[in-house]
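[1] Provided below for reference: sequence and predicted model.
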Protein chains: 2
Amino acid sequence: MAGALEELRRRLAEVSDLSRAAGVLAWDQRVTMPPLGTEARAEQLATLGRIAHERFTDDEVGRLLEAAAPLVESLPYDSDDASLVRVTRRDWEKERRVPAELQEEMTLEAARGHHAWVRARRDSDYASFRPYLEKNLELKRRYVECFEWSDSPYTPLLDDYEPGMLTTDVRDVFAVLRPALTDLVASAPQVDASFLHGEFAPDDQRVFAERLLATLGLEEGSWRLDPTAHPFCTSFSNRDVRLTTHYHPDNLDSVWSSLHEAGHGLYAHGIADSLLRTPLGGAPSLGLNESQSRTWENLVGRSRLFWEHWYPSLQQTFPSLRGVDLDAFVRAVNRAEPGLIRIEADETTYSLHIILRFELEQELLEEKVSLDELPDVWNARMKEFLGVDVPDDGHGVLQDVHWSGGGFGYFPTYALGNVISLQIWGVVRQALPDLDGQLAAGDLGPLSDWLRDNLYSLGRKLTPKETIERLTGSPDIDPAPYLEYLRAKVGAAVS
Amino acid sequence: MAGALEELRRRLAEVSDLSRAAGVLAWDQRVTMPPLGTEARAEQLATLGRIAHERFTDDEVGRLLEAAAPLVESLPYDSDDASLVRVTRRDWEKERRVPAELQEEMTLEAARGHHAWVRARRDSDYASFRPYLEKNLELKRRYVECFEWSDSPYTPLLDDYEPGMLTTDVRDVFAVLRPALTDLVASAPQVDASFLHGEFAPDDQRVFAERLLATLGLEEGSWRLDPTAHPFCTSFSNRDVRLTTHYHPDNLDSVWSSLHEAGHGLYAHGIADSLLRTPLGGAPSLGLNESQSRTWENLVGRSRLFWEHWYPSLQQTFPSLRGVDLDAFVRAVNRAEPGLIRIEADETTYSLHIILRFELEQELLEEKVSLDELPDVWNARMKEFLGVDVPDDGHGVLQDVHWSGGGFGYFPTYALGNVISLQIWGVVRQALPDLDGQLAAGDLGPLSDWLRDNLYSLGRKLTPKETIERLTGSPDIDPAPYLEYLRAKVGAAVS
């Protein structure tokens, strides 16, 4: 029986290697690949994905899971071996439910949809994108049929990103958030942030970002930061973490985008060595992963304490900031300001963009909103949620990449990340009584170490809810600390 | 039966995708990977290699080859389908002869040997490397036993890099080369090349190299050039070609190293689209591949005509060259000067370094030279061949990476490349009567197109000898044009 566990680990390591290899190819495609390499790369990625899927969903993996089950029965719930068998069984059963043909059709239509979307967004041409959206939605309905659900057909989609979470769970959280955020946005004062726009040499931004990121607790020689069009983070082991950012020559967004990706990177970096090359070597959910990107981007990276240490360096790097005092700078980077574009939204308005999408996704899936009326509904909701007028679909319903590739169910994880980040932050503050002083001194080590030891190192051993409970004492996603944080922030800006 | 060919192509495409994916991982490892990613990367590469090997050597591939054979029988010899079945069968039979355990042991010992060599070379400590060399040699002897050979046990090793070539073929070529090169080196005049050493800003070198490489016929958007410690070229399709070079701040070697790798890159770039994702999508042998890196590095890149066009740009980029006239520059980059290190050797002395290694490899394999006496024999031969005294093993027997990883049989391909490059050059000169004018005008398009259409596009459809015969009319590797070229060069320097 010990042999079964060993053989299971061997097979899973192979699947992990294939997935990590695909990750290298995807990173290369987005960071370094010459543009004409696209076609061959798509074939290479499809082959790696197909082989990884075949090997993981093999009957033999099921037999090995059966054989290993009695062996881990007496082990602690969160031991490596018991977690491996439990989590792998859940993954295996889920992945086996989807017929290979449907999986391949989804992959194909996602690629087609993506191409159509790139053109449609550029030309603000919803009509040309509509048939692709329809096809992807239809495939998602067939995908949903592969699973059982109790509360909403949206739940199987959500489950891909937030294992074990119900649509009703998210609705409950958003029901609290939406009115509170709407009030906050309405009461937010105008804040001068004009100095955040101007000329900021990309090379200076790079040097600053690299200096900053070197202090977060990422071991030297285990990460790199590269420029790319749309920033992301990926990793090929806990000692090969790839951060990316975008240096806009006319603003300083790269500072927070780098911190955001570094938050994801710290998660990947903190995964325990014993979980590498297993299905446990990641974060329990996108929401938990996002909670950490938000922690480093916002809770650390927009805090006054953090900038007490770093602002003089920033001013030295960018002389145009020398006439702007710390208070004005901190107010500016924490301002709330409704806008059209999700990825440019501030902390306060961001979740409203998400709630809008979460509702629309369910309505589209259940055909309560038709694809014909989608742009109008989008625009009306933007007016209702954020008070803004959408000038064209390129700045409206076509702005995001997700739906083009069938990524329904993904959006809520961003807002959940915001909420969870504050729940965990409350625990961190109790655990590290000197945190304020450490932040003000630029000493991010204790924070980074604590998060690694208490969260990142767990990987996917526990479910998202179990992970949150392990940290906070309750499995619930509680929006109160997040709203309290935002209220204090908007209040501070008013005062 | 048509189905058999289709299914064969599908399987081979998958194997090709896996190999190309491994190529991306290897490129990343040498160009961008953070150093601590090494361990995980080795596992990922081992997994991809193992799966590719398993899938290629599968019994089913043999059955498909059998089933496809009658279908291609009536097709022209060099048709895509007939070539695919013929070449794949040869590859398949060869790869099946090596037991998986031996293959894995060779991979493992190659990695161990490489690590030991890095330290041994640094410390000039042959004794510490000797056991690893012994192990790798022993494995190569077992590898040789997997094959039949008529002339020398060295032939199966050579065959990995030069399919179909016999050790005696190489001996015949080298028997002509060696005395002729020795005479040439002895009669070579002293040439002033002091101006090739000095301060050359790496960034300026990069800009110059990128400008130069953009004129060779590589389609825009299908290649990139990156810095690395030990330059190499790899490709992941004919439209995703990765060139690398090294910018030494104190010399201009990057110019020729870039041209050298671009020669390999042009080969990969010129492979016909119809051969992609098949075993035919490469060069027939390392020698033929090397003939093209040498063509672009030397026959083009050291020619007076080429520099008539480019030298003013080079002088503009590097003002220290403004006092050096074109003749002096061309003489310097074509000088012959015996030295200790193969990779620093000039065109004339280079092949002597290779002949020394070719002879020693056979003697080691057949135990005519023992590992105990190897360093002394090396040093004595260096004195005999090149007239130089080896100060320590780091500059002697430990200088090359090849043996550390069991790469016996590889070295001769370098010298064969030199020889073949001149045979093909003779054909090119006849086919392109305006070549001189084109080179002097910086117009490399006709040369590049001709080589693509007549050589690169063939891929591995023909054997090395068949390929040479297709171009020159004879399958023989003939050292005469190469020697004639060198004699003219050394003669020109004398006059």
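    Happy to help now that I have it.
[2] contact residues of the stretch 1-150 of chain A facing chain B?
    A:13-14, A:17-18, A:20-22, A:24-25, A:27-28, A:32-37, A:39-41, A:43-44, A:46-48, A:51 (Cβ under 8 Å from any Cβ of the partner chain). For the C-beta atoms, the positions are set from N, CA and C on the backbone; glycine is no exception.
[3] A:S448 is in contact with A:Q438, correct?
    No. Taking Cβ atoms under 8 Å as the definition, A:Q438 is not a contact partner of A:S448, at 10.2 Å.
[4] looking at those two, which is more packed in?
    A:S448 (20 against 16; other Cβ atoms under 10 Å in any protein chain shown).
[5] now do the more buried one against A:L213, distance only.
    11 Å (Cβ to Cβ, to the nearest Å).
[6] surely A:L71 touches A:D81?
    Yes. If you go by Cβ under 8 Å, A:L71 and A:D81 touch, sitting 7.5 Å apart.
[7] between these two, what contacts are shared?
    A:L5 (Cβ atoms under 8 Å, 6 or more residues apart in numbering or on different chains).
[8] now the buried members of the residues of the stretch 1-150 of chain A next to chain B.
    A:14, A:17-18, A:20-22, A:24-25, A:27-28, A:32-34, A:36-37, A:40-41, A:43-44, A:46-48, A:51 (16 or more other Cβ atoms under 10 Å in any protein chain shown).
[9] what strand or helix carries the residue most central in space within chain A?
    By Cα atoms, centre = their mean, chain A has its centre lying nearest to A:E290, at 4.2 Å. In this structure, A:E290 sits in helix A:286-294 according to DSSP states H and E.
[10] C-alpha coordinates for that helix, PDB please?
    Extracted in PDB, the C-alpha atoms of helix A:286-294 (Å, rounded to 0.1, in the frame of the first residue of the first chain):
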ATOM      1  CA  LEU A 286      -8.200  32.500  -6.600                       C
ATOM      2  CA  GLY A 287      -9.800  34.600  -3.900                       C
ATOM      3  CA  LEU A 288      -7.200  33.600  -1.400                       C
ATOM      4  CA  ASN A 289      -4.400  34.200  -3.900                       C
ATOM      5  CA  GLU A 290      -5.900  37.500  -4.700                       C
ATOM      6  CA  SER A 291      -6.200  38.400  -1.000                       C
ATOM      7  CA  GLN A 292      -2.500  38.400  -0.900                       C
ATOM      8  CA  SER A 293      -1.800  40.400  -4.100                       C
ATOM      9  CA  ARG A 294      -4.200  42.900  -2.600                       C
END
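[11] what residues of that helix count as buried?
    Buried residues in helix A:286-294 (16+ other Cβ under 10 Å): A:L286, A:G287, A:L288, A:N289, A:E290, A:S291, A:Q292, A:S293, A:R294.
[12] now do stretch A:367-377
    Buried residues in stretch A:367-377, counted by 16+ other Cβ under 10 Å: A:V369, A:L374, A:P375, A:V377.
[13] pick out the most distant pair among those.
    A:V369 and A:P375 (10.5 Å; Cβ to Cβ).
[14] in chain A, where is pLDDT below threshold?
    Applying pLDDT under 70 to chain A flags the ranges A:1-2, A:492-495.
[15] tell me the domain ranges of it?
    A:2-147, A:148-495 (automatic domain parsing).
[16] any idea how far the first one is from the chain center?
    The one in question is domain A:2-147. Its chain's C-alpha centre and that of domain A:2-147 lie 17 Å apart, by Cα atoms, centre = their mean, to the nearest Å.
[17] then stretch A:468-487?
    That offset, for stretch A:468-487, works out to 18 Å (Cα atoms, centre = their mean).
[18] now what about that stretch, what contacts it?
    A:169, A:173, A:176-177, A:180-181, A:184, A:287-288, A:299, A:336, A:347-348, A:416, A:418-427, A:454-455, A:458, A:462, A:465-466.
[19] got the buried residues for it?
    Within stretch A:468-487, the residues that qualify as buried are A:I468, A:R470, A:L471, A:T472, A:I477, A:D478, A:P479, A:P481, A:Y482, A:L483, A:Y485, A:L486, counting by 16+ other Cβ under 10 Å.
[20] list the contacts for A:S19?
    Taking Cβ under 8 Å, 6+ apart as the definition, contacts of A:S19 comprise A:L48, A:A52.
[21] look up phi and psi at it.
    phi -70, psi -40 (degrees, to the nearest 10).
[22] likewise the one 10 residues further on?
    Listed backbone geometry of A:Q29 is phi -60, psi -40, with angles given as degrees, to the nearest 10.
[23] which one of the buried residues of stretch A:367-377 is nearest B:H197?
    The nearest one, if we look at those relative to B:H197 and count by Cβ to Cβ, is A:P375, at 66.2 Å.
[24] and that closest one, helix, strand or coil?
    State at A:P375, reduced to three classes by DSSP: H, G, I helix; E, B strand; the rest coil: helix.
[25] go on, A:T244?
    strand.
[26] now do the one 5 residues further on
    Put simply, A:P249 is coil when judged by three-state DSSP.
[27] list the contacts for it?
    A:E199, A:F200, A:A201, A:P202.
[28] so whichever residue of the stretch 301-450 of chain A sits closest to chain B versus A:L275, what's the distance?
    Distances between the stretch 301-450 of chain A and chain B by Cβ to the nearest Cβ are smallest at A:S448, namely 16.8 Å. With distances taken as Cβ to Cβ, A:S448 is found 19 Å from A:L275.
[29] try A:R452
    13 Å.
[30] tell me how far the residue nearest to A:V324 when sequence neighbours are not counted lies from A:N298.
    Leaving aside its chain neighbours, A:V324 sits nearest to A:F195 (4.9 Å; criterion: Cβ to Cβ, 6 or more residues apart in numbering or on different chains). Taking Cβ to Cβ as the measure, A:F195 falls 20 Å from A:N298.
[31] quick one, which of the two is more surrounded?
    Legend: neighbour count by other Cβ under 10 Å for A:F195 and A:N298, higher for A:N298 (25 against 15).
[32] list the contacts of A:T467.
    A:P284, A:L288, A:L455, A:L458.
[33] quick check: A:T234 is in a strand.
    Yes. A:T234 sits within a strand when classified using three-state DSSP.
[34] what residues are up against it?
    A:G23, A:A26, A:W27, A:R242.
[35] 10 Å instead?
    Counting by Cβ atoms under 10 Å, 6 or more residues apart in numbering or on different chains, A:T234 touches A:20, A:23-24, A:26-27, A:30-31, A:240-244, A:261, A:264-265, A:268.
[36] which residues are in contact with A:A209?
    A:225, A:227, A:243, A:245, A:247, A:254-259, A:261-262.
[37] which of the residues you listed are buried?
    By neighbour count, with 16+ other Cβ under 10 Å, those hold A:L225, A:L243, A:T245, A:Y247, A:S254, A:V255, A:W256, A:S257, A:S258, A:L259, A:E261, A:A262 as buried.
[38] show me which pair in the residues you listed is furthest apart.
    A:Y247 and A:A262 (15.2 Å).
[39] look up the closest residue to A:R50, ignoring the ones flanking it.
    A:R50 sits nearest to A:E104 (Cβ to Cβ, 6+ apart), 7.7 Å away.
[40] can I get the helix or strand in which A:L48 is found in PDB? Just the C-alpha atoms.
    A:L48 belongs to helix A:38-56 when assigned by DSSP H and E. C-alpha atoms of helix A:38-56 as PDB (Å, rounded to 0.1, in the frame of the first residue of the first chain):
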ATOM      1  CA  THR A  38       2.100  32.100 -31.900                       C
ATOM      2  CA  GLU A  39       0.800  29.300 -34.100                       C
ATOM      3  CA  ALA A  40       3.400  26.700 -33.100                       C
ATOM      4  CA  ARG A  41       3.100  27.700 -29.500                       C
ATOM      5  CA  ALA A  42      -0.700  27.100 -29.400                       C
ATOM      6  CA  GLU A  43       0.000  23.600 -30.700                       C
ATOM      7  CA  GLN A  44       2.700  23.000 -28.100                       C
ATOM      8  CA  LEU A  45       0.400  24.200 -25.300                       C
ATOM      9  CA  ALA A  46      -2.500  22.100 -26.500                       C
ATOM     10  CA  THR A  47      -0.300  19.000 -26.600                       C
ATOM     11  CA  LEU A  48       1.000  19.500 -23.100                       C
ATOM     12  CA  GLY A  49      -2.500  20.200 -21.800                       C
ATOM     13  CA  ARG A  50      -3.900  17.200 -23.400                       C
ATOM     14  CA  ILE A  51      -1.200  14.800 -22.100                       C
ATOM     15  CA  ALA A  52      -1.400  16.300 -18.600                       C
ATOM     16  CA  HIS A  53      -5.200  15.800 -18.700                       C
ATOM     17  CA  GLU A  54      -5.000  12.300 -20.000                       C
ATOM     18  CA  ARG A  55      -2.400  11.300 -17.400                       C
ATOM     19  CA  PHE A  56      -4.300  12.900 -14.500                       C
END
